[in-house]
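**Q** Have a look; sequence and predicted model below, questions after that.
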Amino acid sequence: MADSEQKQKLQGMVMRYRMMEREVTDPLAICLLRDIVAELEADLQQSDE
């Protein structure tokens, strides 16, 4: 049960950061957001295993 809640939380965070990435115009901010999304997606993959 806790794993599914954690997975949903991570998925929500990924979606929020992707939305922010689309709205931001600063190149540095875009790079940072992409790094955050990549780390969250890696955590999601790890939770699936």
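**A** Perfect, thanks for sending it.

**Q** so where is this protein shaky, pLDDT-wise?
**A** Screening the chain residue by residue with the criterion pLDDT under 70, one finds the ranges 1-2.

**Q** Around residue 40, how many other residues sit close by?
**A** Neighbourhood size, residue 40 [other Cβ atoms under 10 Å]: 20. The C-beta positions use only the backbone N, C-alpha and C, and glycine is treated the same way.

**Q** list the contacts for it?
**A** 10, 13-14, 17 (Cβ atoms under 8 Å, 6 or more residues apart in numbering).

**Q** Secondary structure element for the residue lying closest to residue 44 once chain neighbours are set aside, which one?
**A** Nearest residue to residue 44 in three dimensions, chain neighbours excluded: residue 10, at 5.0 Å (Cβ to Cβ, 6 or more residues apart in numbering). Per DSSP states H and E: residue 10 is located in helix 2-23.

**Q** Next, the buried residues of that helix.
**A** Buried residues in helix 2-23, counting neighbours by 16 or more other Cβ atoms under 10 Å, are found at 10, 14, 17, 21.

**Q** Contacts only, for the closest residue in space to the last one that isn't next to it in sequence.
**A** Leaving aside its sequence neighbours, residue 21 sits nearest to residue 33 (Cβ to Cβ, 6+ apart; 4.3 Å). Residues near residue 33 by Cβ under 8 Å, 6+ apart: 17-18, 20-21, 24.

**Q** Make JSON lines out of those and add distance to residue 41.
**A** Below are the contacts of residue 33 laid out as JSON lines (distance: Cβ to Cβ, whole Å):
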{"residue": "17", "distance to residue 41": "10"}
{"residue": "18", "distance to residue 41": "10"}
{"residue": "20", "distance to residue 41": "15"}
{"residue": "21", "distance to residue 41": "13"}
{"residue": "24", "distance to residue 41": "18"}
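
**Q** which ones are touching the most centrally placed residue in the chain?
**A** Among the residues of the chain, the smallest C-alpha distance to the mean C-alpha position (Cα atoms, centre = their mean) belongs to residue 14, namely 2.6 Å. Each residue near residue 14 by Cβ under 8 Å, 6+ apart is listed here: 37, 40-41, 44.

**Q** let's see it at 6 Å
**A** Residues near residue 14 by Cβ atoms under 6 Å, 6 or more residues apart in numbering: 37, 40.
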